[in-house]
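Undergrad: Just to be clear, the model below is a prediction. Sequence and coordinates:
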Amino acid sequence: MFVTLRNEAKRAGFAALLAAGALAAALPSRAADPQTDARSVVSSMAEAVLATLRAGADKAAREARFRAMYQRNFDNAGIAAWAAGRAFAAASPAVKQEYLATFETYVVKAYAAQLARYKGERLRVDKAETQGTDIIVISNLVPPDPRDPREIEMRWRLHPVSGKLRVSDVVIDKISMALTEKRAFADWLKEKGGTLEGLTAKLKEKIAAADQGG
């Protein structure tokens, strides 16, 4: 579900909302009705966005809150492994562990930074669908200006991990954030020799650049 640190400006507003989605409370540990629970998760994410932004949290606080809820709600290991592909499978356990931790920090930096660009959009949750063991929650990002007719569709993919629903991707306006990240990582792997160590080093460069930028 993840975008790179070089987001296009035109996506900044809804990227902020997507980022803040991780600030919701922990997902239900047991789903009597998975579709209903998945919709509730996404709805609570949207509600948490507004509360967090009204609080006026500074950069450090935004990152800390994002990290805590990202750890609870997202499949970091699954997303990170998929994004790295064969390089992940070929790496040693120690290298994998360092990469997973670095990937998490990269995501935190990339998304928490977008919170400052929130423009007043709201998320309307419409319905949920089952695809195998996954739940797809279909929602629309509604612009703050009622005269603006363009809504942006967001499809949240949640799947069970150890008995708990976790977010694995978000498709925004027909663009998969997980696939976008995987493509960027493929380029970075080529740049860094095709190893997971090299990809981890590239992510650390991106993290350092994000810190220097604000």
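TA: The structure has been received and is ready for your questions.

Undergrad: Can you identify the element that follows the host helix or strand of A101 toward the C-terminus?
TA: According to DSSP states H and E, A101 maps onto helix 93-112. Per DSSP H and E, the first helix or strand lying C-terminal to helix 93-112 is strand 122-131.

Undergrad: Show me what that next one packs onto, helices and strands only.
TA: Secondary structure elements in contact with strand 122-131, counted by 3 or more C-beta pairs under 8 Å, 6 or more residues apart in numbering; DSSP states H and E, are helix 34-54, strand 134-142. Heads up, the C-betas are built off the backbone N, CA and C, glycines and all.

Undergrad: Moving C-terminal from the first one, which element do we reach first?
TA: Same thing as helix 34-54. Heading C-terminal from helix 34-54 (DSSP H and E), you reach helix 59-73.

Undergrad: okay, the angle between that following helix and helix 93-112?
TA: Put simply, helix 59-73 runs at 120 degrees to helix 93-112, going by axes from the mean of the first three to the mean of the last three C-alpha atoms, to 10 degrees.

Undergrad: What residues sit buried inside helix 59-73?
TA: Residues R62, E63, R65, F66, R67, M69, Y70, N73 are the ones in helix 59-73 that count as buried (16 or more other C-beta atoms under 10 Å).

Undergrad: Count the residues that sit near the residue nearest to the second one when sequence neighbours are not counted.
TA: Excluding the flanking residues, the one nearest E63 by C-beta to C-beta, 6 or more residues apart in numbering is A112, at 4.4 Å. Other residues lying near A112 total 26 when counted by other C-beta atoms under 10 Å.

Undergrad: Now do the helix holding A101: distance to the chain's middle.
TA: Computed by C-alpha atoms, centre = their mean, to the nearest Å, the chain-centroid distance of helix 93-112 equals 13 Å.

Undergrad: In this structure P144 contacts R122, no?
TA: Yes. Counting by C-beta atoms under 8 Å, P144 does reach R122; the two are 7.5 Å apart.
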